[in-house]
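[1] Show me how the following folds:
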Amino acid sequence: MSVLSLEELLQTIPRLIERLIQFDAFAIYMLDPTGTGLHVDYSVGYPSGVAEAIRLPVGEGLVGLAVQDRRAVLVNDLDDDPNYKGYVPGMRATIVVPLVYRTRTIGALNILSAHRHAFTEKDLAIVRQFGVHAATALENARLYTQAAKDARVFETLLEISREISSILDIDLLFERLAAATLKVIDYKAFAILLLNPQNQRLDVKHLATPYGINEKVTSIAVGEGITGYAALHREVVVSGDVRQDPRYIELFDTVTSEMAVPLLYQGDCIGVLDLSTDQRDAFDPGKVEFATLLASQFAVAIQNARLYQELATNQSRIERELRIAQRVQTALLPQEVPSRIRGLDIAAHFDAARELGGDFHDYLDPLANQLVVVLGDVSGKGVPAALYSAFASELVRSRTFRKRYVSTAVTPSTVLQAMNTILHDRQLLEMYLTLCYALFDVKRRTVTLSNSGVPYPLKMTAAGDIEWIDVTGVPLGSFPGIEYDECIVPYAKGDVFVFYSDGVSEAMNSSGDEFGRDNIAAVVQSRRGAGAREIVDAIFEAVAAFRGDALQNDDITALAVRAL
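    Next up is the predicted model:
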């Protein structure tokens, strides 16, 4: 059984068994995440709605006992067996085989017949042997399915982080947070409660639910209720059945499960994200993990929005300081290519969406005949992104120039790996950095690249052919222990490399259309034979013309390198 689709595998197992043993009903039981209960993942011959409703504690019934004892069961007269659960009327004989993967029980196969003495010891041996292979196949399919699901969810989390990091209107932010949460966690009621430090109460700031609302509850004291408990202890609280939880304070009608996640910002609890649904035990450990990740992003987004509102009251002073900071940021960007590098024509331009931005670029010459070109993009915009980018820029320089002082190899991938470790250790989980690191070897005429999420660089040959350099990686600072790939691209005289931030490709016009990389390629091709400065200027002119009157929503950086 080499099927990796869990749904397809569940359907395949009974078909394979039926070739060996005749049966009238069949079920695949799987353990729940707690390991204390069983549910039916797939069934044949069960009355409508019965299998879906089964929740069988381990140790109860023939199936529960088989799982508990890890012992196969053959019963040829169910009428005389007190442990039999008669989910399917008219069944007279059964085989139950626990599904054991390595040393862990994951579920059971249950075969039923309407005839007494329908099964033999040989049948039991066949099903037992089949169960060994089925357990392995099911676990592999489950892991594959879970990995694919996790990948989609984490991709969504990155999209959510990118989306909400730029929203500074607090009411709009709450609406987007509710919508963003629904992308990864199915809920029926969503609430954001923020801490009022003066009276130590959690004020209800946003509700999203089809249920009726207890309008008398507008705030909850820290320590009271499930949300208050989460805020006081700064820990996630999950209640599988609120009616059995003495801490529960009714905020919505028809709630059964509730999860409260503290919103922590720099170690302080600023509020609580509260999710509810009408199903029991709806929030498994996976959903708790995703909610925790969301809450960390939400806390930063909310705090940023709050800080922005506070800053708005001191606009004049802020604008003056921002103008100074803008000059400082501009001064930190490279003004010219290192003088000892020959054979490359380089130009770049940066345009922040606000006074300060999170994009940066640099040119470094760690060794003779080598030039490092760097383009980075910090999540978010404004002061936090600018500070983070300044730190990241200096981090790039320090890791690059280690080549001059250490004997170990310093390559694009090792630089990114070292930066990822340092940034992650700083625990700035609310921010991340995408960065493309390109090492040009002028003597060998090659460029070695590593990338942590910047849009694919473009290469145009002297003949005008376009190639997208497909090298990807996880944004820096997101997860520990990440390794980054490298690719080596040769170049010849007249070839052009273009690096750009997503502010170029995702620039939008008033109709909501994105500029896109096809337009980037067209602009570069239209300047075949031109110098790097003309190419960069043409890209910015094309983006501005495309955007028209629409506001610039993201920092824009473009950098071109032309081989001479």
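
[2] Ala25: what's it in contact with?
    Ser43, Val44, Gly45, Tyr46, Val88, Met91, Ile111, Leu112, Ser113 (CB atoms under 8 Å, 6 or more residues apart in numbering). (Each C-beta comes from the backbone N, C-alpha and C, glycine too.)

[3] so which of these is the most crowded?
    Ile111 (27 neighbours; other CB atoms under 10 Å).

[4] still on that earlier bit, quick one: which two of the contacts of Ala25 are the most distant?
    The widest separation within the contacts of Ala25, taken as CB to CB, falls between Ser43 and Ser113 and amounts to 14.9 Å.

[5] number of nearby residues for the residue lying closest to Val378 once chain neighbours are set aside?
    Closest residue in space to Val378, ignoring its immediate chain neighbours: Gly358 at 3.3 Å, by CB to CB, 6 or more residues apart in numbering. The tally of other residues near Gly358 (other CB under 10 Å) stands at 32.

[6] where are the low-confidence patches of the chain?
    Scanning the chain for pLDDT under 70 picks out 1-4, 210-217, 251-253, 312-332, 335, 337-340, 355, 403-408.

[7] all helices of it, in order?
    For the chain, helices defined by DSSP state H occupy the ranges 6-18, 50-53, 61-69, 121-164, 170-182, 225-233, 285-312, 315-332, 382-400, 412-425, 502-505, 516-526, 532-547.

[8] List phi and psi for Val474.
    Backbone geometry at Val474, expressed as degrees, to the nearest 10, gives phi -80, psi 140.

[9] Would you confirm that it contacts Asn451?
    No - counting by CB atoms under 8 Å, Val474 sits too far from Asn451 to count as a contact (10.2 Å).

[10] And those two? Which one has more around it.
    When Val474 and Asn451 are compared for neighbours, Asn451 comes out ahead with 27 against 18, by other CB under 10 Å.

[11] who's in contact with that one?
    Contacts of Asn451 (CB under 8 Å, 6+ apart): Thr434, Leu435, Cys436, Tyr437, Pro457, Val471, Thr472, Gly473, Tyr484.

[12] dump the residue contacts of the third one.
    Cys436 is in contact with Val374, Leu375, Gly376, Leu449, Ser450, Asn451, Ser452, Val454, Pro457, Phe499, counting by CB under 8 Å, 6+ apart.

[13] how about 7 Å then?
    Applying CB atoms under 7 Å, 6 or more residues apart in numbering, we find Cys436 in contact with Leu375, Leu449, Asn451, Val454, Pro457, Phe499.

[14] Spatially nearest residue to it, not counting backbone neighbours?
    Val454 (4.0 Å).

[15] wouldn't Asp549 be in contact with Ser510 here?
    Yes - taking CB atoms under 7 Å as the definition, Asp549 is a contact partner of Ser510 at 6.1 Å.

[16] now Arg92, nearest residue through space, not along the chain?
    Arg116 (4.5 Å).

[17] Please report the distance of the one you found from Leu263.
    Arg116 sits 61 Å away from Leu263, going by CB to CB, to the nearest Å.

[18] more crowded one of these two?
    Under the criterion of other CB under 10 Å, the comparison of Arg116 against Leu263 puts Leu263 first, with 27 against 14.

[19] can I assume that one is in contact with Ile270?
    Yes - in this structure, Leu263 is within contact of Ile270 by CB under 7 Å, at 5.1 Å.

[20] Between those two, which contacts overlap?
    Ala299, Ile302.

[21] one step back: if we only consider the contacts of Ala25, which is nearest to Ala347?
    Nearest to Ala347 among those is Ser43, at 66.1 Å by CB to CB.

[22] so that closest one bridges to which residues?
    Ala27 (DSSP bridges).

[23] Please name the residues that touch it.
    By CB under 7 Å, 6+ apart, Ser43 lies in contact with Phe26, Ala27, Ala51.

[24] ditto for Gly271
    Neighbouring residues of Gly271 by CB under 7 Å, 6+ apart: Ile192, Leu193, Leu194, Leu195, Leu202, Leu263.

[25] hang on, the earlier thing: of the contacts of Asn451, which belong to strands?
    Thr434, Leu435, Cys436, Tyr437 (DSSP state E).

[26] separation between the most centrally placed residue in the chain and His206?
    Nearest to the geometric centre of the chain sits Phe154, at 1.5 Å (CA atoms, centre = their mean). Phe154 is 25 Å from His206, where distance means CB to CB.

[27] and if you look at Val288?
    Distance from Val288 to His206, by CB to CB: 21 Å.

[28] thinking again about what came up before, scan the contacts of Ser43 and report the most crowded one.
    Ala27 (26 neighbours).

[29] Could you report the neighbour count for the closest residue to Leu158 other than its chain neighbours?
    The spatially closest residue to Leu158, leaving aside those adjacent along the chain, is Pro475, at 7.1 Å (CB to CB, 6+ apart). Look at Pro475: counted by other CB under 10 Å, it has 23 neighbours.

[30] these two touch, right, Leu275 and Ile192?
    No - when contacts are counted by CB under 7 Å, Leu275 is not listed as touching Ile192 (10.5 Å).

[31] you'd agree Gly107 is up against Leu99?
    Yes - in this structure, Gly107 is within contact of Leu99 by CB under 7 Å, at 4.4 Å.

[32] thinking again about what came up before, if you count what's nearby, which of Asp549 and Ser510 comes out ahead?
    Ser510 (10 against 6).

[33] Might you report the residue contacts of the more buried one?
    Gly548, Asp549, Ala550.

[34] For the residue nearest to Val378, give its distance to Gln417.
    With CB to CB as the criterion, Gly358 and Gln417 are 22 Å apart.

[35] and what of Asn76?
    62 Å.

[36] what do you get for Gly343?
    Between Gly343 and Gln417 the computed distance is 29 Å (CB to CB).

[37] For the two, indicate the residue with more neighbours.
    Neighbour count, other CB under 10 Å: between Gly343 and Gln417, Gln417 has more, with 20 against 13.

[38] still on that earlier bit, mind giving me a markdown table with the contacts of Ser43 and columns for distance to Arg70?
    Below are the contacts of Ser43 laid out as a markdown table (distance: CB to CB, whole Å):
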| residue | distance to Arg70 |
| --- | --- |
| Phe26 | 21 |
| Ala27 | 18 |
| Ala51 | 23 |
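
[39] which of those lies closest to Ala301?
    Ala51 (42.7 Å).

[40] so the closest one touches His39, yeah?
    No - using CB under 7 Å, Ala51 is not in contact with His39, being 8.8 Å away.

[41] Buried only: go through the contacts of Cys436 for me.
    Leu375, Leu449, Asn451, Val454, Pro457, Phe499 (16 or more other CB atoms under 10 Å).

[42] Out of those, which two sit at the greatest distance?
    Leu375 and Leu449 (10.8 Å).
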